[in-house]
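>>> Below are the sequence and a predicted model for it; my questions follow.
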Amino acid sequence: MTFRQKWALKDFVYTQNADGTFNILAVKDLGIRRAEIPRGVVKIDEKVFFCCDGLTDVVLPEGLITISGQSFGECVNLKAVKLPSTLERIGPYAFWRCRKLTELRIPERICEICDAAFEDCRSIKRVEFSNGIETIGVGAFYGCISLSEVYLPDGVKDVAADAFRSYYGGPKIVSVPKTCRIDERAFSKDCKIILR
């Protein structure tokens, strides 16, 4: 399989896989403001955009499977990211401290939100979870103080410690399936948990 837009990879350090797809290893310009990940990329490696303070906009292609740990960590000005339907894994701390993100839609193929994946994303007001989600990891949404309500789909089996906890703010109402195991420290003390 080949991809016609290889030239779009010029801004990245990358490797090519045997099937013609690519893994991004690094970005050449840490001052980048807009990143359009080219078609054919299946993996964004660890810390590729870590601490890219100027990054405000990211376009992720269909076909992307993995966003590794800390890939977008501390991109404090990243305002929006649309996760592609092909995405299967969001690594630990992948979007840690992306403080201007306002909403998320988690794709169907993701079954686990890894530890601290969206920790300290203070502006997130809404997260739409897919039916594929089974596990919310430790501190996955810790410190997301603008997130006021959470609806976890029926497939969720486990919500770990500090998953939605915050010292101030955070979810006030959470709807969870009765079959879900919820760690006693998963939510803040003033959060109302509705079992359905």
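Received, thanks. Numbers count the residues shown, from 1 in each chain.

>>> Check which helices and strands the worst-scoring helix or strand of the chain on mean pLDDT sits against.
The least trusted helix or strand in the chain, going by mean pLDDT, DSSP states H and E, turns out to be strand 34-36, with a mean of 88. In this structure, strand 34-36 packs against strand 57-59, with contacts taken as 3 or more CB pairs under 8 Å, 6 or more residues apart in numbering; DSSP states H and E. To be clear about C-beta, it is placed using only N, CA and C from the backbone, and glycine gets the same treatment.

>>> Buried residues, the strand it packs on. List them.
By neighbour count on 16 or more other CB atoms under 10 Å, the buried set for strand 57-59 is residue 58.

>>> roughly how far out does that strand sit from the chain middle?
How far strand 57-59 lies from its chain's middle: 13 Å, per CA atoms, centre = their mean, to the nearest Å.

>>> for stretch 14-33, same thing?
Between the centre of stretch 14-33 and the centre of its chain there are 19 Å (CA atoms, centre = their mean).

>>> pLDDT weak spots in the chain?
1-8 (pLDDT under 70).

>>> Next, count neighbours for residue 83.
For residue 83, the number of neighbouring residues by other CB atoms under 10 Å comes to 17.

>>> Relative to residue 126, how far out is it?
Note on residue 83: its distance to residue 126, by CB to CB, to the nearest Å, is 14 Å.

>>> shared neighbours, those two?
Here residue 83 and residue 126 have residue 104 as joint contacts, going by CB atoms under 8 Å, 6 or more residues apart in numbering.

>>> before we move on, back to that, what does the least confident helix or strand of the chain contact?
8, 11, 27, 49, 55-59.

>>> ditto for stretch 174-182
Here stretch 174-182 makes contact (CB under 8 Å, 6+ apart) with 149-159, 164, 187, 191-196.

>>> again, 7 Å this time
150-152, 154, 156-159, 164, 187, 191, 193-196 (CB atoms under 7 Å, 6 or more residues apart in numbering).

>>> Is it possible to mark the buried ones in those?
150, 152, 156, 159, 164, 187, 191.

>>> what about the fifth one, distance to residue 142?
Taking CB to CB as the measure, residue 164 and residue 142 are separated by 7 Å.

>>> ok so, going back, max pairwise distance over the contacts of strand 34-36: which two?
Pairwise distances among those were taken by CB to CB; the largest, 19.0 Å, belongs to 8 and 56.
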